[in-house]
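Peer 1: show me the folded form of this:
(2 chains)
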Amino acid sequence: MTDPTLLVGLGGVAGALARHLVGERVEEATYDTLAVNVLGSFLLGVLVSVPVGSDLLLLAGTGFCGAFTTFSSFAYETVRLAEGGYGRRAVGNATVNLVGTLAAVGLGALVASAL
Amino acid sequence: MRERLRRLEPLLLIAAGGFVGAALRFAVAEALPSSALPWGTLAANVAGAFLLSILLYENRLVGNLSAETRLVVGTGFCSSFTTYSTFAVETAALAGLPGVAAGAEVPLLAVANVALNYVLGFTAIGLGQVVARVLA
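Peer 2: Below you'll find the model as predicted:
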């Protein structure tokens, strides 16, 4: 039994670095956040729907997926859009992140059940 | 060698912040009493959004903090402390989405969870901006 905090922390290292790599490859700030959020939600949807061990769930789920996806950058970017007079884009960003991640979780669970 | 270290430094800063952010998010969720509503994720998302807002508005308004500070605290810590995937999975479970529902579906709580994270998260960004202006 590995220390749970260590597992989550190590997953967090990988998740943060992977998010940074995606961010460097996507020009538009809100699109890179959307990409990591949808991708990470899909992966977490798979992980919570298959019988993986608790260690793997802590490392890959709580650690990696949790850190790969981000709420703070999403909230900041949404408020910045609204501040800049792009109210509709702000609402669009908030909506697309929510609908996109929920759909990704559902798709992940569907894929997991097919495995 | 020097050049290689220079390119490695941002990654080390992000990794360090990512470790602490994810581990602390886990500790917060563990420390809070279990309840139907996922308070741990909400607390991490709101607190992390507040801190990131101070950091980024400070950069826009004053710019006293170094790029290294933004990497370790912003890209590393805040972005890993807060999470969208866990929020999405917990919301989906509350809503009774097939495959992730844990048998305790309360659709109204799913709506409340989204509303709380969004309203308090955006408010935290606004408050962070106020704090950054006061500090400026």
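Peer 1: which of the three states applies to B:Leu97?
Peer 2: Three-state assignment for B:Leu97 (DSSP: H, G, I helix; E, B strand; the rest coil): coil.
Peer 1: quick check, central residue of chain B?
Peer 2: B:Thr82 (1.9 Å; C-alpha atoms, centre = their mean).
Peer 1: list the contacts of it.
Peer 2: A:70-73, B:21, B:25, B:44-45, B:48-49, B:52 (C-beta atoms under 8 Å, 6 or more residues apart in numbering or on different chains). Backbone N, C-alpha and C define where each C-beta goes, glycine included.
Peer 1: again, 7 Å this time
Peer 2: When contacts are counted by C-beta atoms under 7 Å, 6 or more residues apart in numbering or on different chains, B:Thr82 is found next to A:70-72, B:44-45, B:48-49.
Peer 1: equivalent analysis for A:Leu59, please.
Peer 2: A:7, A:10-11.
Peer 1: picking that back up, closest to A:Ala103 out of the contacts of B:Thr82?
Peer 2: Checking the contacts of B:Thr82 against A:Ala103 with C-beta to C-beta, the nearest one is A:Phe71 at 17.7 Å.
Peer 1: ok, which pair from the contacts of B:Thr82 is furthest apart?
Peer 2: Every pair of the contacts of B:Thr82 checked by C-beta to C-beta; the farthest is A:Thr70 and B:Ala44, at 10.9 Å.
Peer 1: and for those two, which residues touch both?
Peer 2: Residues touching both A:Thr70 and B:Ala44 comprise B:82-83, with contact defined as C-beta under 7 Å, 6+ apart.
Peer 1: what about those two, which has more around it?
Peer 2: For A:Thr70 and B:Ala44, the more surrounded residue by other C-beta atoms under 10 Å in any protein chain shown is A:Thr70, and the numbers stand at 34 against 29.
Peer 1: pull the number of nearby residues for residue 114.
Peer 2: Here I'm looking at chain A. Applying other C-beta under 10 Å, we find 6 residues neighbouring A:Ala114.
Peer 1: my question was about chain B
Peer 2: Neighbourhood size, B:Val114 [other C-beta under 10 Å]: 18.
Peer 1: close to chain B, is the longest helix seen in chain A?
Peer 2: Longest helix in chain A by number of residues (criterion: DSSP state H): helix A:87-114. Yes. Legend: contact between helix A:87-114 and chain B by C-beta under 7 Å from any C-beta of the partner chain is shown at A:94, A:97-98, A:101-102, A:105-106, A:109-110, A:112-113.
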